[in-house]
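**Student:** Here is the input, now give the coordinates:
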Amino acid sequence: MNQPNHEPVLVVLQLTGGNDYMNTIVPYCDSNYYDSRPSLKIPESEVIKIDNELGFHPSMQPLKEIYDQGNMAIIHGIGYNNPSRSHFRSMDIWHTGEPDEIANEGWLGKVIRDLDPKSENPVTAVNIGQGLPRALTAQNASVSSLASLANFGLLTGVEQEYQRNKMLDKFAKMYSPSIGTGPVMDYLSRTGTDLLNGLDILKPIPSKYSSTVEYSQGSVGDNLKDIAMIHTANVGTKIFYAEHGSFDTHGIQELTHAKLLAETSIAIADFWDDLKEHEADKNVVMLIFSEFGRRVRDNGSGTDHGAAGVAFVLGPMVQGGFYGEYPETSPSALNEGDLVSNMDFRSMYSELIEDWLNLDAGAILDGHYEKPRFIG
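**Tutor:** Residues are numbered from 1 along each chain as shown. Take a look at the predicted model:
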């Protein structure tokens, strides 16, 4: 049996598509909110109240319980200057930590390289999902990626090779238009071998895992269960990545958003219950983010792409509470109909890099940013 892992671990859950900030953390006493959202407002009576101004969406009770335990930081008004409403460009900015120009390497890719400079462990970082998120990519960064840990364990060698090639091909198609074929192909030439080595390490893990926690059905629950399996197997993984969505709720948002938030909240609660059962939670911090929020005013059945958003940081070592300020919602305070961010997302990254992972954030982010101070 592997020795328990006590080194800091970061789990990142990306809410793909642009999560609606205002209907996630609801300003239930704000008349501007109700005036702007005649179709999508959450009635005060249904809001899960946090304090006398803000509350969770009614589908988020499991996360409210984590918040009440003091293990959740809510990061208000997070974003960047001159926001892009393009999914691809905004996510690229979040993934690379570079708002002003196209960058070749992801912020977590550089973290991974610093954590494992000799690329000694092919599972230093693990992505659960199709493709390779740009955030994880960097020269000499050890990353493994697979769609499903349980299903992968049943594949033959030929099928494993096919899945690997399919994943690498998807990655190349995603990123070669923006950064050129050279950097992409250079990266893939080494990553393909690393992926196979990593998958050899991961394949036997499901057969050794047991838990009394019954995860909710759905992709986000499956992905977080895979992460829990790998983390409790103590194979030295320090960075985990998964996605859930799409939160691109232009229409029928009332039903879609509630369902997505419920799935996410229940799965996250199951994940932490699983880690606690295995006494494997103390060295884990989880980051939850989306590429942008939504417009303040609804469009009749949904919300369009916006700017400032909300992020969450969870874990036993997190000092729970609010960080930053909820943006002004009055029409005169908006920027082209959007909430204005008041916290640079790199401030949050800086704290995770320096105060949790014990690395030099200035070198990774090419600058220094004031940290919110949510790590205890």
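
**Student:** Please count neighbours and contacts with C-alpha atoms only from this point.
**Tutor:** Noted.

**Student:** Let me see the contact set for Leu202.
**Tutor:** Leu149, Ile230 (Cα atoms under 8 Å, 6 or more residues apart in numbering).

**Student:** where's it relative to Ala233, distance?
**Tutor:** Noted for Leu202: a distance of 9 Å to Ala233, by Cα to Cα, to the nearest Å.

**Student:** now swap in Asp304 and tell me
**Tutor:** 42 Å.

**Student:** The two: which is more packed in?
**Tutor:** Ala233 (22 against 19; other Cα atoms under 10 Å).

**Student:** That one against Ile205, yeah?
**Tutor:** Yes - counting by Cα atoms under 8 Å, Ile205 is a contact partner of Ala233 at 6.7 Å.

**Student:** and Val12, how many neighbours?
**Tutor:** Count around Val12 with other Cα under 10 Å applied: 18.

**Student:** and the residue nearest to Leu40 when sequence neighbours are not counted, what pLDDT?
**Tutor:** Among residues not flanking Leu40 along the chain, Glu254 sits closest, at 6.4 Å (Cα to Cα, 6 or more residues apart in numbering). On the pLDDT scale, Glu254 is placed at 96.

**Student:** Am I right that Glu254 is in a helix?
**Tutor:** Yes - under DSSP: H, G, I helix; E, B strand; the rest coil, Glu254 sits within a helix.

**Student:** quick one: contacts for it?
**Tutor:** Leu40, Ser301, Gly302.

**Student:** try 10 Å this time
**Tutor:** Counting by Cα atoms under 10 Å, 6 or more residues apart in numbering, Glu254 touches Asn23, Ser39, Leu40, Lys41, Ile42, Ser301, Gly302.

**Student:** Could you check how far it is from Gly106?
**Tutor:** Taken as Cα to Cα, the span from Glu254 to Gly106 is 34 Å.

**Student:** Kindly report the same for Ile227.
**Tutor:** 21 Å.

**Student:** Leu10 too?
**Tutor:** For Leu10 relative to Gly106 (Cα to Cα), the value is 15 Å.

**Student:** In terms of neighbours, single out the busier of the two.
**Tutor:** Gly106 (26 against 21).

**Student:** Report the separation between the two terminal residues of stretch 65-73.
**Tutor:** 13 Å.

**Student:** which strands and helices sit next to the host helix or strand of Ser90?
**Tutor:** Under the criterion of DSSP states H and E, Ser90 resides in helix 87-96. When contacts are defined as 3 or more Cα pairs under 10 Å, 6 or more residues apart in numbering; DSSP states H and E, helix 87-96 sits against strand 9-16, strand 72-79, helix 107-115, helix 157-179, helix 345-351.

**Student:** Which elements pack onto the first one?
**Tutor:** For strand 9-16, the elements it packs on are helix 87-96, strand 125-128, helix 219-233, strand 239-245, helix 253-277, strand 284-289, strand 309-314, judged by 3+ Cα pairs under 10 Å, 6+ apart.

**Student:** Next one: Ser31 relative to Leu115, how far apart?
**Tutor:** 48 Å.

**Student:** Looking at those two, which has the bigger crowd around it?
**Tutor:** Leu115 (19 against 11).

**Student:** residues contacting that one?
**Tutor:** Neighbours of Leu115 in contact, by Cα under 10 Å, 6+ apart: Gly109, Thr124, Ala125, Ala141, Ser142, Lys238, Ile239, Leu357, Asn358, Leu359.

**Student:** now Pro117
**Tutor:** Lys110, Val111, Asn140, Ala141, Ser142.

**Student:** And what about it, helix, strand or coil?
**Tutor:** coil.

**Student:** Could you measure from the nearest residue to Gly109 once chain neighbours are set aside over to Phe271?
**Tutor:** Spatially, and ignoring its direct neighbours in sequence, Gly109 is nearest to Leu136 (4.1 Å; Cα to Cα, 6+ apart). Separation of Leu136 from Phe271 (Cα to Cα): 22 Å.

**Student:** got it, and Leu261?
**Tutor:** Taking Cα to Cα, one finds Leu261 at 15 Å from Phe271.

**Student:** Just tell me which of the helices and strands packed on strand 9-16 ends up closest to Leu339.
**Tutor:** strand 309-314 (8.2 Å; Cα to Cα).

**Student:** Output the contacting helices and strands for the closest one.
**Tutor:** Using 3+ Cα pairs under 10 Å, 6+ apart as the test, strand 309-314 ends up in contact with strand 9-16, helix 61-68, strand 72-79, strand 284-289, strand 321-323, helix 345-351.

**Student:** got the angle between the second one and strand 72-79?
**Tutor:** Looking back up the chat, that one is helix 61-68. 100 degrees (axes from the mean of the first three to the mean of the last three Cα atoms, to 10 degrees).

**Student:** helices or strands next to helix 61-68 in the packing?
**Tutor:** By 3+ Cα pairs under 10 Å, 6+ apart, helix 61-68 packs against strand 48-49, strand 55-56, strand 72-79, helix 253-277, strand 309-314.

**Student:** try it again with 6 Å
**Tutor:** helix 253-277 (3 or more Cα pairs under 6 Å, 6 or more residues apart in numbering; DSSP states H and E).

**Student:** Wait, His305 touches Arg294, no?
**Tutor:** Yes - using Cα atoms under 6 Å, His305 is in contact with Arg294, at 4.7 Å.

**Student:** which of these two has more neighbours?
**Tutor:** Between His305 and Arg294, counted using other Cα under 10 Å, the more crowded position is Arg294 (29 against 22).

**Student:** Please list all residues in contact with that one.
**Tutor:** Residues near Arg294 by Cα atoms under 6 Å, 6 or more residues apart in numbering: Asp20, Thr303, Asp304, His305, Gly306.
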